[in-house]
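Chemist: Structure for this input, please:
(2 chains)
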Amino acid sequence: MGLLSDPTRRRALISLLTRLNTPICAVCYMAGVAWFMGLAFEPFTLRMHMSENAMGSTMVEERFQAGERALVTAKEFGVQKNKAGGMPVDWLVKAMQDRGLEVFTQSFSRTLPFPDENKERFMVKGTNVYGILRAPRAPRTEALMLTAPCSQGNDNNQAVGMLLVLAQYFRSQVYWAKDIIFLVNEHDLIGMQAWLEGYHHTNITGMEWSPLQGRAGAIQAALSLELSSDVVTSLDIVLEGLNGQLPNLDLVNLFYAFCQKFDVLCTFQGKLQRNDWDSPSGYSHAVQTMMLMVLKQASGHSWGDHGLFLRYQVEAVTIKGINSYRQYKTTTTTVGRLLEGMYRKLNNLLERLHQSFFFYLLPSLSHFVSISYYMPAFGLLAAILLLRALNLWVELSAPPATEDGVANVEQSSSGVLSVVTPLVISHLTGVALYTLPVHFQEMAVEHFPVSETEAVVLTAIAVYTAGLALPHNTHRFVSGEGTEQGWRVLKLVAVLYLAVLLGCTALLNFSLGFILALTLVPVAAGVTPHMPKFPTACVMVVLSPACTLLFSVFAFHELQETPLSFQDTWLLFLSVISQGILDHALYGALVFPLLAMLVYPCWLLFWNILFWK
Amino acid sequence: MAAPLTLLLIVAVTIRAALFRSTFAYWIAERVEVVSPLTAWKRVVEGLALLDLGVSPYAGDVFHETPLIIYLFHFLVDYAEITFILADIIVAVAFYYVVKDYNKQVFRKQKFALEADRYPADCHELVRTPKEMYYIPLKAALFYLLNPFSVLSCVAKSTCCLNNAVVSLFILATVKGNMLLSAIFLALATYQSLYPLTLCVGALLYLMQRQFIPVNAYRLSFWWFVAQYAFMYLGSLLVMVALSFFLLGSWDFLPSVYGFILSVPDLTPNVGLFWYFFAEMFEHFRLFFLCVFQINVFVYTVPLAIKLKEHPVFLIFMQLAIISIFKSYPTVGDIALYMAFLPVWILRNVFLVSCVLLMCSALFPVLWHLWINAGSANANFYFAITLVFNIAQMLLVSDYFYAFLRREHHLVHGLYPKKKDGSEATLVLK
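Modeler: Here you go, the predicted structure:
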């Protein structure tokens, strides 16, 4: 209070902040980026530790032996799958019944808004088969879950085989205190979504599905299994779920602990763990791993079947077997033992996993960065916006300069129209970007030689580009000259808008918020109408949300060590756009509406300031 | 001047009507920031259902509004939306006339002071011109009607809107100098939500000032006036309570409404400070801290009344703000009420306060989602933002207070006061 009410100190602080505004902003930006890059540096990370008592103290003796049988079952499943030309429902029902489960099926159907060219599907019809192993020792109030997607071709047969054999093995054990649900879902995420909606009696995506006949208790944890070869060299764990949600860190700890117990190589983001943290190459490895996680999280895509569980407060991860022709091999029996161990420990849970972190970044599986370490990186970027806003405010209230900045609440009402018009128009453009692509695909297909998917993506790009002509349209609406005062007010509004928007985004999905802040904050901080138009416009386009997406796609493949040519990057960029729109329509991912209806209009406001007349 | 007000009313009604028809209405009515256990429309509906079944509406511990409200909606339930829009219009129009009247007085006082040459020579720039005061009443109405907080509150059909209407009518009656109506509306406001009781000091000071009765404990006329007002106030309060008793046929409502307000048994999160503390606290400290928390609303009355003896309208504003910060179940509707007064006086840290309030308002639903829906954050996240929100409100209020006092100080001592040694002095709030 003293600082705020003492005019001398207040004036000194404000004059310091306004005089040194640009250098402070530059320093903040660099410090933000440096902080982020430093997150992967060992002293700033925390060592993984199990926080959940119920899973930490118990020893488990794994007795699973039936690895060979899993492979045989997988082969049989493969034969049946080829015969049925899809999911062999009857065979699966019988197989599960033979293993002593209560078996139920759920059929679902869904018409996509436009054909999905990656997975070649449009009208999807399928069946989920699931069996429940009832807990012999407890009331049926809680459940664990194991799922294996039934994929196209011969993919993932081994996972289904493993699931069936594990079911049989678990049936013979007596210590289960929670029901275990074994689910084989068709059409990967779509089937998973149908099942989850059926299980939780919600319908948030407008899909058609038949209600579930059998239910178990509240699901405490779920693993999704993906195995496509008889031997695996390493196991990969996938965490990033829908809208960038992450499972509780204890589940990751559990997986990592068992990998170490069985000497199984485990990878994260497809990268092996290294121990040389202090060497430069070790550091760069950690940074790459972390950046991959950031990029995947920012996409808001569910990177495995587990991703859809998270919004129902079910902790879930996907475990993927990888066969990369290394010397070191792990047999199916070991994988089965690992899973047995994990389920035995999860069985001990007394309450839902909540002890450990939900907000984290992983530079490796043995270390993590918690929210209190990574948020300052974003905070430094967001501080730039607030400093800029303060600067603008001081500039705006300077002319009627009464002593120590006594500012009247009233503002010039003449500027209202010149602020509201761009706001409304840019948001209407955003709504157009959100609605037009899907609604106008038919018309586009009629008139142009393109497929539906291409039509959607190209319409989106067309609307996006058309929005760039906005300033000229705005000025037609606003009569008279834009004033010096006018653009400052608009910029103040836009900067605060961006700060609130990015702040909320960063809390919901740190990675997305940070990546957007990296590109949008320099634009927001720097742009004025007095800059040379053409070069600034080029820079702004390069830093616009769409180009951010393009760079992210490029960077993702660079980091994965599968570099792409420019041509391929462009094609991938187009498919990522269609994927984003599909994710929104099918599973309710929010990245597309966020970018289209909030971030893009906000960026347009700055574009508008550049072309202020 | 009537035309802009009418236009404003039409715009405000259109916004509210449109939102009532949209899909947001359901979502808004569920927000804990907008409705409290006292004011939620869902609970009123429950109470009505119980009443129709011939059960006491307070059975079941869901309904906590007053009996008069439930009998009001017994007849008006089909016109609920119109009732709430009407309540908002009443607030806006009442504030419009309150501020107009208040401005007239300020202007008159200023004129006398100028004629008597009482202002120091250098502070003529602080004197308010009729031109800048002309739009202030309209701005006050605009601040209430287009404030997102009051819009949300109205669309959620929070009964807070009705309380606001009663309080605004009380202020109008006071400013117009109608003692009886002032006492009746104050009694009604107290009956509705208990805390407006503290507003009586402001009303008394104002009415006495108007009738040139000196505020002096040794004068009989002072005590006679206080007794008159107290009689009218207590009489109408008694009538209301008795009416409630005869309508319901039981005293159920006393513990269910006032007991509920005072002992804070429902710890549903809201924008206030109570829920988190009382959820965390050991049970045997509860009574003590309950007293400590509740006393906050009342304890500032006397010092403020002494300091603002000459400015009762500002005192009423301060009291409204303090009530909305420290009451046990605050909602954003309460904040909207005192925010309507913001254009009347000046503020210094507009930027800081509005940034913080804006940021907090956006973060409330986000952190709520992370805590309740996603299950990844926890109560501390939400409470942190509640705390920041309330600190911003306190900053707003204390800043207003300081700016007001400082203006008055300058009007007496000149704009550039000198220290004893002749150097320029600065004023610091300590």
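
Chemist: Contact residues of the stretch 201-350 of chain B facing chain A?
Modeler: Residues of the stretch 201-350 of chain B lying close to chain A by CB under 8 Å from any CB of the partner chain are B:342-343, B:346-350. Bear in mind the C-beta positions are built from the backbone N, C-alpha and C, glycine included.

Chemist: Pick out the most distant pair among the residues you listed.
Modeler: Greatest spatial distance in these: B:Pro343 and B:Asn349, 16.1 Å, computed using CB to CB.

Chemist: got any ranges where the chain has weak pLDDT?
Modeler: By default, I'm working from chain A. Scanning chain A for pLDDT under 70 picks out A:1-7, A:57-58, A:399-415, A:471-483.

Chemist: that's the wrong chain, I meant chain B
Modeler: Ranges of chain B meeting pLDDT under 70: B:1, B:121-122, B:415-430.

Chemist: and the residue of it nearest chain A?
Modeler: When scored by CB to the nearest CB, chain B has B:Ser376 as its residue closest to chain A, at 3.5 Å.

Chemist: Nearest to the spatial middle of chain B, which residue is it?
Modeler: Closest residue to the average C-alpha location of chain B: B:Leu320 at 3.8 Å, with CA atoms, centre = their mean.

Chemist: Could you check how far that residue is from B:Pro196?
Modeler: The spacing between B:Leu320 and B:Pro196, counted by CB to CB, to the nearest Å, is 8 Å.

Chemist: tell me which element A:Leu111 falls in.
Modeler: Let me fix one detail, which is that residue A:111 is Thr and not Leu. strand A:102-116 (DSSP states H and E).

Chemist: Quickly note the distance from A:Gln560 to A:Asn348.
Modeler: 37 Å.

Chemist: cool, and B:Ala94?
Modeler: 63 Å.

Chemist: So for these two, which residue has more residues nearby?
Modeler: A direct count of neighbours by other CB atoms under 10 Å in any protein chain shown for B:Ala94 and A:Asn348 places B:Ala94 higher, at 24 against 17.

Chemist: Surely that one is in contact with B:Ile171?
Modeler: Yes. At 6.8 Å, B:Ala94 and B:Ile171 qualify as touching, with contact defined as CB atoms under 8 Å.

Chemist: Setting the sequence-adjacent residues aside, check what's closest to the residue of chain B closest to chain A.
Modeler: Spatial nearest neighbour of B:Ser376, excluding adjacent residues (CB to CB, 6 or more residues apart in numbering or on different chains): A:Phe358 at 3.5 Å.

Chemist: Surely that neighbour forms part of a strand?
Modeler: No. Using DSSP: H, G, I helix; E, B strand; the rest coil, the assignment for A:Phe358 is coil, not a strand.

Chemist: Who are the contact partners of it?
Modeler: Neighbouring residues of A:Phe358 by CB atoms under 8 Å, 6 or more residues apart in numbering or on different chains: A:246-249, B:374-377.

Chemist: and A:Val457, what is it in contact with?
Modeler: A:437, A:574-575, A:577-578.

Chemist: out of those residues, which is most surrounded?
Modeler: Going by other CB under 10 Å, A:Pro437 tops these with 27 neighbours.

Chemist: outside of the strand or helix carrying that residue, which residues touch it?
Modeler: Element membership of A:Pro437, judged by DSSP H and E, is helix A:415-439. For helix A:415-439, the external contacting residues (CB under 8 Å, 6+ apart) are A:113-114, A:456-457, A:459-460, A:463-464, A:466-467, A:470, A:473-474, A:477-478, A:482-483, A:485-486, A:489-490, A:493, A:581, A:585, A:592-593, A:596-598, A:600-602, A:604-605, A:608.

Chemist: tell me the angle of it relative to strand A:102-116?
Modeler: Helix A:415-439 runs at 110 degrees relative to strand A:102-116, counting by axes from the mean of the first three to the mean of the last three CA atoms, to 10 degrees.

Chemist: Any idea how far helix A:415-439 is from the middle of the chain?
Modeler: 26 Å (CA atoms, centre = their mean, to the nearest Å).
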